[in-house]
Each structure stands twice: as structure tokens, then as C-alpha cells.
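# fold the following for me, if possible:
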Amino acid sequence: MVIKMIKIERRRGRLLIHLLNRWKLEWTVEPRYWRNPLIVVTLWLCLPLLLPLMPRGLFISPLTLLTAFFMANIVAVCALTLTLQVVGTGRFNFGIPFFVVTGGYVAALLDKNYGLGPALTLPAAFAVGALVGLALSPLTIIARGIYFCLITLILPLILHELVFWRVDIFGAETGIPGVSKLVSTGDLMQDCLFGFYMSFAILIVILFIVDKVLRSRLGLMFATILEDEDVAASFGIETKKIKVVIFTLTCGLLAIPGWFIAHYYASFAGTAWLEPWLLILVLLAFAIGGRGAAYSSVLGAYFVVILREILRAFIMEAALMTLYIILFAVFYVLPHGLWGLYRPPRYREYVAYISMRKKT
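Numbering: from 1, shown residues only. Model (predicted):
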């Protein structure tokens, strides 16, 4: 019975697994396709464990670096989700802090007022983020280019005003204290280490999803929509339905970092995360990493966040200005981003771009 339900077929360099004669899974046997990602993930996991071995007296402490790794994971999750959203809808969302803070407030309020733990506030945060995204998804159809960017840019400002208007609910700058903490060991270094690995797990799951989607036939359909919606519609692709679904799901994914922040810090002050710095870091990670692969967003996030912490240790007052100058220089020196150093674009290879106004 099991043999009839599962059928394995070996082809050149890969295995095809047929489930119930309906679903088909593919696994690449040749190690050159999965060796490098496996090595990178292993080194990535071991990196925080090597921080206590750093010699003392350096310009930056191990705790500061570990906190930077944790923040880089948060930024990378947002940048990855933005990558899938941009390719799937052809729209550039500037309202990322809005959805992150929405997830954080949902988790904090449900946990404090109704006693729900992190296991229950996680699906609630995703569901509320997805519902808000569904309500806003018609904008992906009626608004294009710079108009969509400006509309989504207003969303964090509206939420910021709402937070200060209803201080009794959201707490304004004070925030919502007393949220259930994910873990508390009593050691700050151990707590940061747990925060890194928990955010790392979230990042790996979303990275796997985004990478598999972009490499599939759905990814080809998304690329066609991004290139030209009219051409995609002429091929029979349901562009409106796809944009609504992708925008809804990615908005739900953007609420997950907010959930994690609320339960990791055991409190949530959304005003701090509604500031422009979060949007700037995500956009810089999205752009500086390069185009063409999901891994580029992760690479860009780590580069931007760690460089910011190093500059803060050297030049505290002029750190941000120096960071922006360096990143602008990188844009000119590396037109294909940091990912282009590892894998430059090949001849006749598709490279996604955003058209800011409708072509005539």
C-alpha cells in the first residue's frame, strides 16, 4: 500500500517523488546544487558560538555583535518578504513598518489582556496582518508605480497617530509591558543567543519558501507580471488574483517579526519601530544585496546592520552619515550588488526591475 502511495523515480541528477499520484516533489542528488548552501548555513549557525572566543579589548564587544546578528535577521526577514512581494505584485511597498508593528501590537495585546501565549499569538498576528493586507490588496490593482509607494508610505504615519491618540490601549512611547517572554535565563548573553537562533529559524523557513517559490513555475509567472502586466494577462495569467493573494500572504509574513519582537523583549513600543530607520535598513538591504536571488537580501541585511554597528563603535556622532556615504559608493562600484560578486548576471538572464510609471 505504501509503495502505491509513494513512487520514487530517478532521473539525471535528481529524484522525483510522486505522492498519491497527485503531488510531485523533486530532490537534486548532485551535491553541487546543495553543497554551498549547506556549508553557509552550518557556518552561519556556528558564528555566534565563536563570539565568546574573541579577544577582549576590541573596539566592539561580542554582545554588541550578537545583538547586531539578531537585528540583521529581523531586517533580512522583512527584506526577503519584500522581495517576494515586489516580484509577485510588481509594486514596491513602503509600509513595511506598519505591518511589523501591527503584528507586534496584536501579539502584545492578546497576550496581556487575554493571557494567550506565544504559540497562540503567532497565528493571530499572521492572520491579522494577512487580513489587513487583504483589505489593502486592491491598491495593487488600481495604483501603480510611485503612487503605490506614496500610499503605502502613509500607512506607518496613520498608525503612529493612532498609537498616540489611543494611549490607553497602545501606551505610546511607554508601550505595552508585561508580555510573555519567550525565554529568560537570567544571563543577557544567553538570552541574546536564544534570540539569534529563534530569529534564525524564522529566517531560514521564510528563505526556503521564497527561494522555492521564485524558482518554480509560479516564480516565472510572477516575473512575467513584474515585467509587463498586459503581456502576462495576454498569456492567460490571472494577474489580479495573483497580486491579491501574494500581497495578502506577504503582509501576514511581515507581521511575524513584530510578534517575535514583542515576545522577545517582553514588551512592545510600536513608536520605536515606526520610525524611518527600519524602512531605510530594509530598503538598503534589499538594494545593496543585489537582484536575482533570495539569498541577496540576507547578505545585504547582514552587511548593512553589521557595518552600522562597527561605525557606531568608531564614530558615534557621524556613524549614520558615514554609513550612507559608504553604501552609496557601493551602489556605484557594485552595480549588481554584493550577490553579483558571487554570481554575476549571465548573458540573456532575466533581471527584475521596477517600472515607476506605466509605459506608453
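# in which helix or strand does residue 232 reside?
In this assignment (DSSP states H and E), residue 232 forms part of helix 229-234.
# for that helix, packing partners?
On a contact count with 3 or more Cβ pairs under 8 Å, 6 or more residues apart in numbering; DSSP states H and E, helix 229-234 meets helix 217-227, helix 239-265. For every residue, glycine as well, the C-beta is placed using N, CA and C.
# for it, what is the average pLDDT?
For helix 229-234, the mean pLDDT works out to 78.
# for it, the distance to its chain's centre please.
28 Å (Cα atoms, centre = their mean, to the nearest Å).
# picking up where we left off before, and of the helices and strands packed on helix 229-234, who's closest to residue 334?
For residue 334, the closest of the helices and strands packed on helix 229-234 is helix 217-227, at 22.3 Å, according to Cβ to Cβ.
# in the closest one, what's buried?
219, 221-226 (16 or more other Cβ atoms under 10 Å).
# tell me how many other residues crowd residue 250.
25 (other Cβ atoms under 10 Å).
# pLDDT score for it?
For residue 250, pLDDT reads 94.
# do the same with the one 4 residues further on
Predicted confidence (pLDDT) for residue 254: 95.
# circling back to that earlier point, okay if I get the buried residues of helix 217-227 as TSV plus distance to residue 335?
As requested, the buried residues of helix 217-227 are exported to TSV (distance: Cβ to Cβ, whole Å):
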residue	distance to residue 335
219	23
221	27
222	23
223	20
224	24
225	25
226	19
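# for those, could you give me JSON lines that also reports pLDDT and distance to residue 73?
Output for these, formatted as JSON lines (pLDDT from 0 to 100; distance: Cβ to Cβ, whole Å):
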{"residue": "219", "pLDDT": "78", "distance to residue 73": "24"}
{"residue": "221", "pLDDT": "82", "distance to residue 73": "29"}
{"residue": "222", "pLDDT": "80", "distance to residue 73": "25"}
{"residue": "223", "pLDDT": "78", "distance to residue 73": "27"}
{"residue": "224", "pLDDT": "78", "distance to residue 73": "32"}
{"residue": "225", "pLDDT": "77", "distance to residue 73": "29"}
{"residue": "226", "pLDDT": "76", "distance to residue 73": "26"}
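# helices and strands around the strand or helix carrying residue 197, which ones?
Element membership for residue 197 (DSSP H and E) is helix 188-215. When contacts are defined as 3+ Cβ pairs under 8 Å, 6+ apart, helix 188-215 sits against helix 35-50, helix 62-89, helix 217-227, helix 239-265, helix 295-314.
# starting at the chain centroid, how far to stretch 312-326?
Between the centre of stretch 312-326 and the centre of its chain there are 25 Å (Cα atoms, centre = their mean).
# just the CA coordinates of it, formatted as CSV?
Provided in CSV are the C-alpha atoms of stretch 312-326 (Å, rounded to 0.1, in the frame of the first residue of the first chain):
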residue,chain,number,x,y,z
ARG,A,312,28.9,53.3,15.8
ALA,A,313,31.8,51.9,17.7
PHE,A,314,34.4,54.0,15.9
ILE,A,315,32.5,57.3,15.2
MET,A,316,29.3,57.6,17.2
GLU,A,317,28.2,61.0,16.0
ALA,A,318,28.8,60.6,12.3
ALA,A,319,28.1,56.9,12.1
LEU,A,320,24.8,57.1,10.1
MET,A,321,26.1,59.7,7.7
THR,A,322,29.3,57.7,7.0
LEU,A,323,27.1,54.5,6.6
TYR,A,324,25.0,56.2,3.9
ILE,A,325,28.1,57.5,2.1
ILE,A,326,29.7,54.1,2.0
